[in-house]
Each structure stands twice: as structure tokens, then as C-alpha cells.
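1. coordinates for the following, if possible.
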Amino acid sequence: MRYQLIHTDFRCLHCRQVVSTCSGLSGVRNRNHCPYCLWSRHLDMSQPGDRLSACKAGMRPLGLTIKRAAKKYSHHPSGELMLIHQCIECGKVSINRVAADDFAENLFEIYQGYRQIDELLRLELETSGVLTLQAADHQLVQSRLFGRN
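-> All right, here's what the predicted structure looks like:
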């Protein structure tokens, strides 16, 4: 089933800023998180862009992860940075691509808040294959967000 992409700006539920859905600015096709405060909205039900969720509540950013890319001989995480969000109403967790226009400093603050993720939720995420970035990943995050080694 193909979904119709809707390109209309929206107002963030959390910080009330106007957010552009222009893929030329964000680099993503299905924009549902704010580049300023990084909060999202529970829009999708089973796959990105389906916009079938009945919940529509806010989703708080929990942390960062890496989209794992299969590189046979590499032990270095090579995938892109992803945001972990959790719905404040129903508790659903989703993983969203970091957009090109997301504020890097705010992403770094989210990464530094990794200790705030409940241990039970962290175990649930790990069981489903989502590894939250921890203190040991500091250099990786710095490199991806700011180009620093």
C-alpha cells in the first residue's frame, strides 16, 4: 500500500514552534518531530508515513540510538543516528531518523540524558534490538553531530 505524502507545515505540540515538512530542509520524507525541542507526535501506526495512529499524542525524546548497518568486518557502528521517542499517552516507543535541520546541541542534550531512561524500558529496547547510546559512545556522538574526533 502506498501512502500519500502530505507536505504541510505543522505547529509542535510541545514548544509550539512552526515546523516545516519540506524534505529539502530536513532530508526526511515523513517529518513528525520538531527540530527545536525534538518532541514528536504519535502519527504512525505500523510503518513510517502511514499516519494511521488514532493516538496523536505527544512523544517525548528519550535518547539516541544508531541504525545498525550490517558491515561484516567492522566493529564500529556505521549506521545513522536515530531518535528514540515514547508516547506520553499510550507508551509506544518509536525510532525516528535525525533530520538535517535538527538542532545538534539539542540532540546532544538528549544523548546526555540517557541515564533518565528507565532501566526496564532500556531492557525492553535492547530486547527489541534498540541499543541506547551510552557514555562510552561520547566520541561517536560528538563526531556524528559536530564533526569532532
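2. quick one: contacts for Ile88?
-> Ala57, Gly58, Met59, Arg60 (Cβ atoms under 8 Å, 6 or more residues apart in numbering). Using the backbone N, CA and C atoms, a C-beta is placed for each residue, glycine as well.
3. three-state assignment of the third one?
-> Judged by DSSP: H, G, I helix; E, B strand; the rest coil, the three-state class of Met59 is strand.
4. quick check, distance from the helix or strand bottoming out on mean pLDDT in the chain to the centre of its chain.
-> Lowest by mean pLDDT, DSSP states H and E among the helices and strands of the chain is helix 23-26, with a mean of 80. A distance of 16 Å separates the C-alpha centroid of helix 23-26 from that of its chain, computed with Cα atoms, centre = their mean, to the nearest Å.
5. counting by contacts, list what it packs against.
-> Secondary structure elements in contact with helix 23-26, counted by 3 or more Cβ pairs under 8 Å, 6 or more residues apart in numbering; DSSP states H and E, are absent; no helix or strand qualifies.
6. next, the buried residues of it.
-> Residues of helix 23-26 classed as buried by neighbour count (16 or more other Cβ atoms under 10 Å): Ser26.
7. neighbouring contacts of it?
-> Counting by Cβ under 8 Å, 6+ apart, the neighbours of helix 23-26 from elsewhere in the structure are His7, Ser20, Arg29, Arg31, Pro35, Ala99, Ala100, Asp101.
8. contact partners for the fifth one?
-> Right, the one you point to is Pro35. Contacts of Pro35 were listed using Cβ under 8 Å, 6+ apart, and they are Val19, Ser26, Ala99, Asp101, Asp102, Phe103.
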